[in-house]
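In: return atomic coordinates for the entry below.
(one chain, ligands or ions: 1)
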Amino acid sequence: MEKIRIAVLCSGGGTNLQAILDAEEAGLLPCGEVVLVIADSSSAYALKRAQRRGVETAVFDKKEYPKVVREEKIFACLKEHEIGLVVLAGFMTVLSEAFVGAFRGRILNIHPALLPSFGGVGMYGLKVHEAVLKAGVKVTGATVHFVTAECDGGPILAQRAVEVHEDDTPESLQKRVMREAEWVIYPETVEKVCERLTQPRHKGV
Ligand code: GRF
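Out: Here you go, the predicted structure:
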């Protein structure tokens, strides 16, 4: 069986990338392989995580290229590497409708809350956890979804709930959501999608 060639797109720390690489190393990603990591910032620590594992990296820096050019370059790089699944992991560039459309059913994102709550434009990083605490909800979590033109609005693939504690700060909640939900469901879902993409009916899509 040919594995699905995965590209992970990151902007920062890359702990979700790490979770996916660790799953691969542990044999938990039999249908896919991470062959490329793309960052939109040369200082993204995710690049170091990739290099440590011998995964090819490419940087299209926000400081260097305007959005349209950057996106074109990313698209060309994905095509050149014959990428079958694009995994957004803390990637801070909003991709255009055309880009997303070209990878329909082959582009995933993880959001640090239970969508459709606490999602949408401007909801990223600690802002999500601040909003969760402000709303006073007792349960939050993470969501893996297909990416569509609507910000955080694509079909949901997986969710995992995490308890909100009385004494949580946005930072403590962010850490718990990552540890208990994101790093668990993202590698699992990536494998499930790869498994599906290796089925004969997906060939040539
Ligand atoms: C995660 O919280 C993820 O849910 C969100 O961005 C953050 C990325 O963190 N989309 P990392 O770079 O994977 O550590």
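In: how about the CA coordinates for the helix or strand that contains residue 47, as CSV?
Out: If you go by DSSP states H and E, residue 47 is part of helix 45-52. Provided in CSV are the C-alpha atoms of helix 45-52 (Å, rounded to 0.1, in the frame of the first residue of the first chain):
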residue,chain,number,x,y,z
TYR,A,45,10.3,26.0,16.5
ALA,A,46,8.3,23.5,14.5
LEU,A,47,11.1,23.6,11.9
LYS,A,48,13.6,22.3,14.4
ARG,A,49,11.2,19.4,15.4
ALA,A,50,11.0,18.4,11.7
GLN,A,51,14.7,18.7,11.1
ARG,A,52,15.4,16.6,14.2
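In: report the mean per-residue pLDDT for stretch 198-205.
Out: In this model, stretch 198-205 has an average pLDDT of 69.
In: same question for stretch 32-40.
Out: 98.
In: quick one: it near the ligand?
Out: No - with Cβ under 6 Å from any ligand atom as the measure, stretch 32-40 is seen stopping short of the ligand, the closest distance being 10.1 Å. To be clear about C-beta, it is placed using only N, CA and C from the backbone, and glycine gets the same treatment.
In: just the CA trace of that stretch, in PDB.
Out: Output of stretch 32-40 as PDB, limited to C-alpha atoms (Å, rounded to 0.1, in the frame of the first residue of the first chain):
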ATOM      1  CA  GLY A  32       0.600   8.100   6.100                       C
ATOM      2  CA  GLU A  33       4.000   9.700   6.300                       C
ATOM      3  CA  VAL A  34       5.000  13.200   7.100                       C
ATOM      4  CA  VAL A  35       7.300  14.200   4.200                       C
ATOM      5  CA  LEU A  36       7.200  17.900   4.400                       C
ATOM      6  CA  VAL A  37       6.900  20.700   7.000                       C
ATOM      7  CA  ILE A  38       6.100  24.200   5.800                       C
ATOM      8  CA  ALA A  39       6.400  27.300   8.000                       C
ATOM      9  CA  ASP A  40       5.400  30.900   7.400                       C
END
